[in-house]
Every structure is written in C-alpha cells, then in structure tokens.
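# quick one, fold the following:
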Amino acid sequence: MGWKKLIVIVVAAAAMVTGAIALSMHLTKQQELEMEVTDQTEQTVQPPKAGDTTTWQDIENMPIYYDDTDVLMLPVRNVVEGLGGSVKWDAEKKATEISFYGKRLVLNRGSREAELNGYAITLEHEVEAINGCLYVTADAFSDYFATEVIWDSEQRLVTVKTGDNTKPVIAGRVLEGKEGERTFSAEIPVIVGLNDISYEKRLNEDLEAFAMEHLISFADVIAAEDETFGAEAEQEAEEALEETAEEAAEAAAAEQTETAVQTEESENETQKMAQSAEPQPKQVRLGFWKGYCSTDFLSFYWEVDTDGVLSAQGVNIDLQEQKYVAISDLTTTEDIASQLHVFAERADLNNYYISQQKEWILLTNDAQSGTYQAVTVPQDLTGRIWKEKYLLFIA
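You can find the predicted model right below:
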C-alpha cells in the first residue's frame, strides 16, 4: 500500500471518528437538554391559585349526575391530579389518600367514614367505586379543598374554581346510636388547617367535650369515646418509646393517671344521672351550622334538640389571639345591652354568631316555646359600635 493511500485512509478514519464523537456529543447534549426541559416542566407545574378555573371535557372517567337526588359524583384521580394534587393507595389502611394544598384526605370505598389531616370525619355521602374508578360527591372538594364545582350536563363539562386554601376548614364527625328506646345523633365540628397545630388539637378537644356534655346520659357513647381516647393514648406511648424508654414510661404513667381520672369522672357523672329524679331524654340531636370562616376568625353555632326542645349556642373564635370572643370583646360601647335589646328582648350578650354572609346574628333561646330565634343586627349599628379590628369581618 502506498504512503499516499495510507494517509488518505488515516485522514478519513480520523474524520469519521471526529464526526462520530461530534455526533455523539450533539446527541448527548440534545438528550440532556430534553431531560432538562422535561424536569423543568415537571417542576413548574403548580396547583391552580385562588380564582383560577379548570375545565374538563370527555375525560377518561366522566362525572355522574343523579337527577333524583341532585348529587354530582366526581372521579377522584382525574380531578385531583388535574388540579395538581396527588392520589395514592395506602396498603396498610386499605384506603385511598388524596394530598392537595397541604391537606390529606383518606377515603374508604363504600363508606362515609374518612380522615382529614389525621382527624376522623364523616362525609355527606358514601365513596363509590364505579367501573374501577373511585368517585366522591362534589361537596367533598368544595368543603375540604375550597373549590367550587360547576357541572354543565348538556356539554358534559366540569369546571372547578379554586378558592382560598389558606383558610381553615370546618368538617364534621357524626356519632349515632341508641340505648334501649332512646336515641342520639351528634354532628361534631372538626377544625382543620390552623397554623398552630397544638391549638388546633386543643380546640377540637373543646368542641368534642361540649358534645359529650349533651350526651352524658348515654353511657354507651361515653364509654366508647373513652376507649377511643385510650387507644390514641396507647399509640402515642408506643411512638414515645422510639425516643427514650424513660420518656415513654413517664408518658404512659401520665396517660394512665389521666385516663383513670377521666374514667372516674365519667362514672361519677353517670351515677349522678342515674340518681337524678329527672327523666332521661328519649332523643338528643346535636348539630352545627357553619358561619364565617377566615384565617383570623371562625364562627358557627350549635343547635341542640332534646326531645323536641331546641336551643342554640354560638361559638366565635379569634384565631390569631386564640381565644373565644364575647360580644363585649367586639364592641366599643358599654351600653351594648340596651342597644341590642331593641332587636331581641331576651338577647343573651354571649350568644351570637357571624354568618357566612358576614351578618351579626343574635341567638335567643326560649324555653317556654321550645325553640330559639335568630335576629340579624342592622349593619349600620354594627359599623358604629364594633372595634376596628373586627370590622373587616363584616365589611
């Protein structure tokens, strides 16, 4: 082989290698670029902000509307993932877990019982499995994830308007049962989404205690709740064991003492009730009506029905100062009683609530008639006598 021919072959080979290296570098760079773009796209996907709307048409699992009950069922995975949330299966609990905007909702197929951020709650309707897809009613999204659901049956469109997910959520837990011929039903509010988790827990304990006071004559429900508290205490003790044996022992001893005190108090209350000459109620129904709710202030009222006699009790909480708010805390005038009695003669100055429409409503219980009245205070009076920090709630 001649030198010239050899040189041509070497040069050609070098060119091919160089071209291959250049092509390889180009493809590698292109692949890295595509991967970078893909990763960046995934990272920039954000849940919709307050006021945003998301519309679905001809999605894989279409919504189901029941005309007879006026109930709209939505496919969980399609809607949640479409809004930027996540859905996963919890093998240990055999339940479906939704994560969205810092809230965690655990659903059980065929049941109304659920969990919201670890609290037991009760849904309005059962979770349904249709054609292998999990469905919940639209109110589950509106109540727990601050969304407004609009269903256009003619065009088969679902539009979800995202609300303010920084506000706390008022869910509910239902207790029902009977004792002989006597029955009870209690819907207990569950507050979720406060910035202070410790205060949130204390607040929910207070609300449950109020409900239990009205169910004290039903020994079975009190005992069942005590068992529940005992199970929770045992779980907390097991978690404490992972830290140090000494701390766990102290925690267990404290819980045991507290449980013993609670059990003794419960038994004493039951004995007092049994010894009382007053007849026990045949039916007790306890519910609540949601009022104004924001990051600063929360309001609702209880409705208690004891053998057909109704009464109401407002609950108003300053979430920033973490305290219950009386009317005297709201107003700047010392003559508030005479001004309010113009609207309600038997007005209780500590019994009121703020409605979702930001109305100041006085609640007056009338034992003689067996009912209560809800009287709205004119806004012009409210504007004159309320403290400035609270005027924002009714503006």
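# going forward, measure contacts between C-alpha atoms and count neighbours the same way
OK.
# break down the stretch 151-300 of the chain into its strands, ranges please.
With strands called from DSSP state E, counting those that start in this stretch, the stretch 151-300 of the chain shows them at 157-162, 169-179, 182-192, 283-293, 297-306.
# by mean pLDDT, show me the worst of these.
Ranked by mean pLDDT, the strands of the stretch 151-300 of the chain end with strand 157-162 at the bottom, a mean of 83.
# okay, now the spatially closest residue to E115 that is not a sequence neighbour: neighbour count?
In this structure, E115 finds its nearest non-sequential neighbour in V106, 5.0 Å apart by CA to CA, 6 or more residues apart in numbering. Using other CA atoms under 10 Å, V106 has 25 other residues around it.
# need the three-state assignment for V106.
Under DSSP: H, G, I helix; E, B strand; the rest coil, the three-state class of V106 is strand.
# oh, and call the first residue 136 from now on, that's how I've got it
Happy to do that; since the first residue is 136 now, the last one works out to V241.
# which ones are touching it?
Counting by CA atoms under 8 Å, 6 or more residues apart in numbering, V241 touches 230-233, 249-251.
# is it possible to get those residues out as a markdown table so that each row also shows pLDDT and neighbour count?
Output for the contacts of V241, formatted as a markdown table (pLDDT from 0 to 100; neighbours: other CA atoms under 10 Å):
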| residue | pLDDT | neighbour count |
| --- | --- | --- |
| A230 | 94 | 15 |
| T231 | 95 | 19 |
| E232 | 95 | 20 |
| I233 | 94 | 20 |
| A249 | 96 | 22 |
| E250 | 96 | 17 |
| L251 | 96 | 22 |
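# on that earlier part again, tabulate the strands of the stretch 286-435 of the chain in CSV, adding columns for mean neighbour count.
Converted to CSV, the strands of the stretch 286-435 of the chain look like this (neighbours: other CA atoms under 10 Å):
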stretch, mean neighbour count
strand 292-297, 20
strand 304-314, 17
strand 317-327, 20
strand 418-428, 19
strand 432-441, 21
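# can you show me the CA trace of stretch 520-530 as CSV?
Extracted in CSV, the C-alpha atoms of stretch 520-530 (Å, rounded to 0.1, in the frame of the first residue of the first chain):
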residue,chain,number,x,y,z
ILE,A,520,-70.1,50.0,67.8
TRP,A,521,-67.7,47.3,66.7
LYS,A,522,-64.0,47.6,67.3
GLU,A,523,-61.9,48.4,64.2
LYS,A,524,-60.0,45.1,64.2
TYR,A,525,-63.3,43.2,63.8
LEU,A,526,-65.0,45.4,61.2
LEU,A,527,-63.1,43.6,58.5
PHE,A,528,-65.2,40.5,59.2
ILE,A,529,-68.5,42.3,58.3
ALA,A,530,-67.3,44.8,55.6
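# quick one: mean pLDDT over it.
For stretch 520-530, mean pLDDT is 82.
# what about the helices in the stretch 186-335 of the chain?
In the stretch 186-335 of the chain, the helices defined using DSSP state H, counting those that start in this stretch lie at 211-217, 273-279, 332-349.
# mind putting those into CSV with mean pLDDT?
Listed next are those as CSV, based on pLDDT from 0 to 100:
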stretch, mean pLDDT
helix 211-217, 88
helix 273-279, 90
helix 332-349, 95
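# picking that back up, beta partners of the residue nearest to E250?
V241 has the following beta-bridge partners by DSSP bridges: E232, E250.
# picking that back up, out of the helices of the stretch 186-335 of the chain, which is closest to G426?
Comparing the helices of the stretch 186-335 of the chain against G426 with CA to CA, the closest turns out to be helix 273-279 (13.1 Å).
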